[in-house]
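1. show me the folded form of this:
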Amino acid sequence: ADFQYSNNVKWKIGEHVLDGFVMDIHPTSAKVIERFQNGKPSVTENKPGKGTAVILAADAAFAMKSPGNDFMEEWTLKQTLGGLESPYSCPNAIVYRLAAPEADHYFFINDDEAKSIDLNFKYFEYRNVTDPISGETLKPGSPVELEAYSGRWLRFEK
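-> Numbering: from 1, shown residues only. So this is what the prediction gives:
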């Protein structure tokens, strides 16, 4: 129904004051999962077919543009994953996974100075790790070096 900046009128999730955009949503078929302090829906869920669609009415992306907004990071993970746990984690970089039958491909984004990061797995085991661009081979479980303000693609062979 509306898209507005939350600093004009304070919007809260629990006691957390939002700093960014919010949507005033009016669900028709979605279930309201959580509400803002003003009673309006902050999270909705709809289950069309086999999937699940979650709408966050708070601007999670804007709130997490810089590290340090622990509340929004935890809130977003809770609302989007529900009771599920991510099968991998990388606390110091943004990482995306593309699964394939013979290898998983991980794409790292580093919006910071050069650093060495750890990619941790709960359930996956890999035989080999290679950088498809440079041809470099890495030992599974070893730290990943990321250049400053850059990205990296690694292939993890199953």
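2. I'd like the mean pLDDT over the helix or strand hosting residue 74, please.
-> Following DSSP states H and E, one finds residue 74 within helix 70-81. Mean pLDDT, helix 70-81: 91.
3. so what touches it?
-> The contact list for helix 70-81 (Cβ atoms under 8 Å, 6 or more residues apart in numbering) reads 13, 16, 33-34, 43, 54, 56, 58, 60, 63-64, 86. The way it works is simple: take the backbone N, C-alpha and C, and place the C-beta from them, glycine included.
4. now for the helix or strand bottoming out on mean pLDDT in the chain, which elements pack on it?
-> Within the chain, no helix or strand scores below strand 2-5, which has a mean of 76 by mean pLDDT, DSSP states H and E. Applying 3 or more Cβ pairs under 8 Å, 6 or more residues apart in numbering; DSSP states H and E, one finds that strand 2-5 contacts strand 21-24.
5. so which bits of the strand it packs on are buried?
-> Using 16 or more other Cβ atoms under 10 Å as the test for burial, strand 21-24 gives 21-23.
6. what of stretch 33-40?
-> By neighbour count on 16+ other Cβ under 10 Å, the buried set for stretch 33-40 is 34, 36, 40.
7. do me a favour and get the end-to-end distance for that stretch?
-> Stretch 33-40 has its terminal residues 11 Å apart, counting by Cα to Cα, to the nearest Å.
8. one more: stretch 87-99?
-> Distance across stretch 87-99, first residue to last, is 12 Å (Cα to Cα).
9. and the contacts of it?
-> 104-112, 115, 117-124, 146.
10. one more time with 7 Å
-> 104-110, 115, 117-124, 146 (Cβ atoms under 7 Å, 6 or more residues apart in numbering).
11. may I see the ChimeraX selection of the buried members of those?
-> Listed next is the ChimeraX selection for buried residues among those, using 16+ other Cβ under 10 Å:
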select :104,106,108,110,117,119,146
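12. so after the helix or strand hosting residue 55, what's the next helix or strand?
-> Taking DSSP H and E as the definition, residue 55 sits inside strand 53-56. Per DSSP H and E, the first helix or strand lying C-terminal to strand 53-56 is helix 60-63.
13. list the buried residues in that next one.
-> By neighbour count on 16+ other Cβ under 10 Å, the buried set for helix 60-63 is 60, 63.
14. helices or strands up against that helix?
-> On a contact count with 3 or more Cβ pairs under 7 Å, 6 or more residues apart in numbering; DSSP states H and E, helix 60-63 meets helix 70-81.
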